[in-house]
Each structure stands twice: as C-alpha cells, then as structure tokens.
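need a 3D model of the sequence below.
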Amino acid sequence: MRFLPAAAILLVLGAVSLRAEVEPSSGSPSEAGANDTFAGCLREITTFAASRGLDRGFVETQLAAVAPDPATLAAANRQAEFVRPIWDYIEATVTEARISAGREKLAEWGPTLAAIERDYGVDRHILVAIWGVESTYGAVLDDPSIVKPVLRSLATLSCGEPTRAAYWRDELVAALQILAEGAVPAERMTGSWAGAMSHTQFMPKTFREHAVDFDGDGRRDIWSSIPDALASTTNYLRHSGWQAGEGWGFEVTLPEGFDYRLADETTERTLSEWQERGLRPADGRPIADLQQRASLALPAGAGGPAFLLQPNFRVILRYNTALSYALTVAHLSDRLRGAGGFLRDWPRSKRPLTPDEIRDLQARLSAFGHDPGGIDGKIGPKTRAAIRSFQGSAGLTPDGFADPDLLQRVTDRP
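Residues are numbered from 1 along each chain as shown. Down below sits the predicted model:
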C-alpha cells in the first residue's frame, strides 16, 4: 500500500530536530566520504524533485541542513512485526489499557465515527483499532523522544537503504510537495522512522492521494484534526477494496485429520465449503452468510489458533503487509466491540527464527527447489508456501511454521 509495506508502522526512539546542526566531523576519511556520498545523493534527489515540478531553490532550502540518521537505518532492520513472535507482538499491543482507551475513544468520537462509517462504509471498530495500533490513539505524537522529522527519515532511507531507494525517494518528493503546498509547516511534519505521519501513520504519497477534509475547514489536516485523520484512513481503506457490512474473519477449530495444505492464506473457498471440511467458529456462533469467501491461515502452525480470513483482512494487509500486524488490528477491533481473547493458545514453547536464520532457511529451501520468493529474512506467504512444500516432501505436517527444529531438518537434508 501507500503506507510502509512489509511493516506495522511502529515509531522508534530518537527524535531529532529537522534543522538540527550536523555534529562536527571527526575528520576521518571514511566519515568525510560518507558525508560526501550523502550530500551527492541529496543533490540527485533535488534534481529529481525539480523534474517533478518542485522549485529547485525550495528543495535545496528544505534539505540544506538534513543529515543522515543512523537510528532510522537501524529501525528499518528491526521491525517488530517481523522479528517478534506473533503472540508477543499481539499481546504487547492488545492490552487491557489499550482496549479501555479505545472504548473511550469510541464514545468520545461517537458522532464523528458514525458519520465516517455512514459515508465510507468502514467499520468504526477497525478504524479505531488502526488508530490504537499505529499511535496509541495519538498519544505518541506528543512524545518528542519518539517522533522524528519526516524529511530526515526519508532522506536517510533514500540514500542509505539501497534495496528500496526508489520507493523512499518517491516518498521524500511527496513530502516536499506537501510542504510546498502549505498543508503543514515543516516543523510539524514529524512521524515514524519510515516517514509515516500523524494519528494513523500516513506515508506522504498516501496523504496526497487519499487525505480528505472531513471537518469542512478547507484543509486536509491529519496532524491537528482527528476527523480528517480518521476519515482519510477510511477513504484509503474504501479505495483499497473494503467491503461494507462484512467482517475481517474469525478464529476456527479444525477437525481431526485436517489437511494442513489447505491453510495457504490465499486460496478462498466459501464458508459453506470450509464448513463441509469440518471447520467451525471457535466461539460456537453460527455463520450468518455461508456464501462469503475466506482463506485459511495458521500464523503459528498447527500448534496455534487458526483463522478464516475474509477479503477485508487483505485490505488491512495493504495497510501493512505483516500478518502479525493485520491480525493485531483485527483482534483489537473485536476486543473493542466486546469480544474475548483467542480461544486457543499460542505454541509459546516454540522459538521463531531470527532474521539471519530465516535467510539461511530461505536459501536452503530455494536450493531444494522450494521457492521462498526471495531471501529477505522475513517470513511471508511465499516463504510459508515453500515451508509447506518442504514439510510435505519430508513427511512433516505441512503447516508452514518455521522454528529451529524445521531449520535443522532442512539443514540435515542431503
């Protein structure tokens, strides 16, 4: 999506003033070379921005005192939704305090949320859950130890994260366009290490394409106007395919002898077809519309809870492509409306693999002809499909879950 792909947009410590002076150089050749490289990169970005219609002098002024931020690059390599066990990630976010605060926000902003829900067709509980996950309902935005200057973050990533440099450059240019249009003063354009801004963490390109003026004051102000921020989010979700009146999915129980190859996260069947295969809602509730379609996911393999995911869940994934993030938003939305926790516990004795171990696993799977979709240290749908393929060929339960035992089996295979 236009938010940060492959990541809950989580804010990290280390805010730095946009116009902070660069610390004196030690004078070492390597440091001087790094500074020259960054300055050269900014000159190239300035030329590119000018080709997109921005005034060159304006861009030079905005970037004149921007220095690289090492903390931003470090944060890019330790996104919590990819390196923490999914149960730790969910439980650290869906806390009683956040549930209570979210219910207070639902009451406080009830008329506004009702109007947004009416105009855009997006469930208010999902909207408030995104707000809660992204910024703790805006609380982190007032913490100068967390928020970072957007231009500095995006310049650092554009010039220091080569695998996605073009993406970061385009977002930086979009941020400069927002400033040139006068949507927000430069000193207020703060956000996450990835440049995601405001209550629900809009990336700059998403702001330009989907932000709306919901409070009617003539400005699209996601920084100061909660109605604008929330309505802009629902506008994005609607354009991403949100289906009004439908949920995200639900936890299910699986029958004895279930074929785990069916849990591929992508193949949709009607709820009637899943029911014929023995799946049942974990809470025992009846299924209202058996013709709705859903895919089956086992985020922690056969030893953890199972979920039927309806099309709206894919819309949440467009907000952030990590399964743990999307499930956290979905679960928080259920808790906000009064539902309880998951009925099946997680396999807490299992240790998920580290990013380096995942890269090792991906390389070995690829060598055996099980395509993981790249070697990036992150387990997504393609890597889980490759794991299932290997598990099936090795006579293991093909549930797609990677732990040290699986890595050892792959390593020991001749």
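
burial count for Asn312?
Around Asn312 sit 23 other residues, with neighbours defined as other Cβ atoms under 10 Å. All C-beta atoms are positioned from the backbone trio N, CA, C, and that covers glycine.

contacting residues around it?
Counting by Cβ atoms under 8 Å, 6 or more residues apart in numbering, Asn312 touches 126, 242-243, 246-249.

swap the cut-off to 7 Å and go again
Counting by Cβ atoms under 7 Å, 6 or more residues apart in numbering, Asn312 touches 242-243, 246-248.

doesn't it fall inside a helix?
Yes: Asn312 sits within a helix when classified using DSSP: H, G, I helix; E, B strand; the rest coil.

and the pLDDT for it?
pLDDT recorded at Asn312 is 98.

leaving out chain neighbours, which residue sits closest to it?
Trp248 (4.9 Å; Cβ to Cβ, 6 or more residues apart in numbering).

related to what we said a few turns ago, just the buried residues of the contacts of Asn312.
242, 247-248 (16 or more other Cβ atoms under 10 Å).

reformat those residues as JSON lines; add distance to Leu54.
Below are those laid out as JSON lines (distance: Cβ to Cβ, whole Å):
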{"residue": "Trp242", "distance to Leu54": "33"}
{"residue": "Gly247", "distance to Leu54": "43"}
{"residue": "Trp248", "distance to Leu54": "39"}
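
lowest-confidence entry in those residues?
Among those, Gly247 has the weakest pLDDT, 95.

I figured that residue hits Pro311, correct?
No: contact criterion Cβ atoms under 7 Å: Gly247 and Pro311 do not qualify, at 10.1 Å.

could you pull out the strands in this protein for me?
Here the chain has its strands, by DSSP state E, at 148-149, 190-191, 249-253, 269-270, 280-281, 293-297, 306-309.

nearest to Leu323, of those strands?
Relative to Leu323, the nearest member of those by Cβ to Cβ is strand 293-297, separated by 7.0 Å.

and that closest one, what does it pack onto?
Here strand 293-297 touches strand 306-309, going by 3 or more Cβ pairs under 7 Å, 6 or more residues apart in numbering; DSSP states H and E.

for the strand it packs on, which strands pair with it and how are they oriented?
Paired neighbours of strand 306-309 in the sheet (DSSP bridges): strand 249-253 (antiparallel), strand 293-297 (antiparallel).

contact partners of that strand?
249-252, 254, 263, 274, 279, 294-298.

swap the cut-off to 8 Å and go again
Contacts for strand 306-309 (Cβ under 8 Å, 6+ apart): 248-254, 263, 265, 271, 274, 279, 294-299, 327, 344.
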